[in-house]
Structure formats: C-alpha cells, structure tokens
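Visitor: Model the following, please.
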Amino acid sequence: MDKNIPISLTCRKCGTKLQWPDAASDSTEIRCRKCSERFGTYYDLRNAALDALMPRPRQKKTKTVELLSRDCNLAPAVGRSAQSRSVEYAIVPGSQGPRREFRISVGLRHGWDAGGRVFDISEAVRAASAWMKRHVEAGRPALSGMFTRAEVTYAWRRDDGTVGSDREPVALFEGEAAHAYIGQLPDATIEKMLNELATELGVALGQERVYLAFAGRTWILDAGARSKGPATRPRGREV
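Guide: Residues are numbered from 1 along each chain as shown. As a prediction, the model looks like this:
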C-alpha cells in the first residue's frame with residue numbers, strides 16, 4: 001500500500017492498528033496481530049481504504065477507517081459523525097382531496113405504414129413543454145406530468161373478413177390535477193386543457209387519433225372524426 005496515503009486502518013474488535021509485510025501481494029491474508037481477527041486479503045484491504053478516501057456528498061473525510069470482517073466480507077465505516085439527520089414532513093395545507101388522474105396516449109409512428117418514421121419521445125416532451133410555457137406566460141394554469149415510452153399491440157378485422165394485428169410505440173403523458181396547484185379548477189376545465197395538449201401532441205407527432213382518460217372517463221380525439229365516422233382499426237390505442 002502506498003505509504004503516502006494519509007490513512008490508518010484499525011481493528012474494530014480491539015482497536016489495534018493493522019500492519020502487513022512490505023512485500024505483501026494481493027493474495028496476502030491480513031489479520032490483526034493482537035486478536036487475530038481476519039480482514040481478508042491485502043487486495044481487499046487496499047480497495048476498502050481507497051474507497052474510503054473517495055469524496056462523498058455531505059460527508060467529511062476521515063483519517064481513520066474501521067473495518068468489520070465476517071467471512072472475508074469487508075465493510076468500511078465512514079466517520080460516525082455522518083449519520084442520517086431526522087426529518088419530519090407535514091401535509092401541505094390545501095393539498096388533500098379526491099384523486100383526479102389523467103393520461104394522454106399518442107402514437108410515435110407516423111402514418112399507417114409499418115415503415116413510417118418513428119418519433120423520439122423527446123419530441124413529445126418538447127411539444128408538451130412548449131404548450132405549458134405558453135399557458136404560464138399568458139397567466140393561465142397548465143398541466144404537468146410524466147412522459148414514458150410504451151408499446152401497444154392490437155388486432156382488427158379487415159373488410160374481407162381476415163384479421164390483422166400490429167404493434168407500435170406510443171408516448172404516455174400521465175399526471176394528476178393536484179389540489180395544491182390546480183385543485184380549484186372544475187373537471188370541465190381540466191378536460192379542455194387535456195384536449196388542447198392532446199391536439200398539440202397529435203399534430204407534432206403526425207397522429208390522426210389521440211386517446212385520453214381523466215377521472216374515471218375515457219374519450220378519443222380524431223383529426224377527421226366528423227367526416228369519417230368511427231374507424232375499425234385503432235391507432236395509437238391507449239394502454
């Protein structure tokens with residue numbers, strides 16, 4: 001071990017300073033010279049000491065490292081002063097109330113062709129962020145939530161009676177109408193905001209249909225629903 005490393009190793013069992021031969025190799029077994037407690041090999045001991053010297057957030061470096069060994073398993077203890085601080089949390093006033101979850105499911109593959117462009121989920125995030133920013137800049141409330149990428153599978157009956165199946169990637173935007181922030185807004189206002197955001201996502205990702213859910217209800221937005229009527233093949237179906 002490098003003699004310039006400013007650290008000493010002591011036996012946790014008896015407190016004796018550990019020593020080893022100058023010519024020790026990685027496989028040399030290290031024991032306490034007083035109580036014969038086993039501390040594994042020189043290789044183990046060296047790595048434990050170097051690990052203890054690595055900077056740790058919110059912890060002070062210590063010059064003394066205590067080692068506890070059991071069945072050759074070393075466990076370095078870094079400074080007894082770095083103990084967890086007890087923290088008590090309290091419920092935020094006005095944050096309690098009925099849960100109102102929402103979800104927007106939008107496809108990431110452009111068009112009906114299996115070889116169509118597949119958008120990265122970051123493009124959905126970018127479109128949603130732009131919508132949120134415009135709302136806040138205008139002094140209006142905005143939704144916030146989490147994006148995840150998923151894959152949906154589905155089947156449909158063709159006009160000739162045969163059955164087709166497909167799979168495609170989708171972006172899921174999920175969140176809650178948190179009472180601490182937008183809890184005062186009625187369901188109708190939240191639904192209007194969801195429709196606005198879903199439209200932004202559908203346009204940005206080239207989707208005909210976007211699937212929504214809110215407070216125990218579901219519905220579908222279609223770019224040409226009024227002229228085409230219900231479709232038999234799902235697109236970007238929610239999961």
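Visitor: Where does the prediction get shaky in this protein?
Guide: Counting by pLDDT under 70, the ranges of the chain that qualify are 1-7, 52-84, 112-114, 225-239.
Visitor: now the strands for it?
Guide: Here the chain has its strands, by DSSP state E, at 8-11, 29-31, 38-41, 64-70, 73-77, 101-107, 146-157, 163-176, 209-214, 217-222.
Visitor: The nearest residue to residue 153 once chain neighbours are set aside and residue 27: what is the separation?
Guide: Closest residue to residue 153 apart from its sequence neighbours, by CB to CB, 6 or more residues apart in numbering: residue 167 at 4.5 Å. (Each C-beta comes from the backbone N, C-alpha and C, glycine too.) Distance, residue 167 to residue 27, by CB to CB, to the nearest Å: 53 Å.
Visitor: Could you do residue 118 as well?
Guide: 53 Å.
Visitor: Neighbour count: these two, which is higher?
Guide: The neighbour count for residue 118 versus residue 27, taken as other CB atoms under 10 Å, is higher for residue 118 (12 against 8).
Visitor: Find the nearest non-adjacent residue to that one, please.
Guide: residue 109 (5.0 Å).
Visitor: Looks like residue 182 contacts residue 176 (just checking).
Guide: No - with contact defined as CB atoms under 8 Å, residue 182 does not count as touching residue 176 (9.4 Å).
Visitor: what's the closest non-adjacent residue to the residue lying farthest from the centre of the chain?
Guide: In the chain, the residue that sits farthest from the middle, by CA atoms, centre = their mean, is residue 34; the gap is 49.2 Å. Using CB to CB, 6+ apart and skipping residues adjacent in sequence, the residue nearest residue 34 is residue 16, 4.2 Å away.
Visitor: quick one, domains of the protein?
Guide: 8-77, 101-228 (automatic domain parsing).
Visitor: Would you reformat those as TSV and include distance to residue 87?
Guide: Listed next are the domains of the chain as TSV, based on distance: least, CB to CB, whole Å:
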stretch	distance to residue 87
domain 8-77	13
domain 101-228	20
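Visitor: Show me the one of the ones you listed that comes nearest residue 85.
Guide: domain 8-77 (9.4 Å; CB to CB).
Visitor: hey, where'd the helices end up in the chain?
Guide: Using DSSP state H, the helices of the chain run over residues 42-53, 121-137, 187-204, 225-228.
Visitor: Save those as CSV, and put in mean neighbour count and distance to residue 94 too.
Guide: Listed next are these as CSV, based on neighbours: other CB atoms under 10 Å; distance: least, CB to CB, whole Å:
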stretch, mean neighbour count, distance to residue 94
helix 42-53, 17, 46
helix 121-137, 15, 20
helix 187-204, 17, 17
helix 225-228, 9, 38
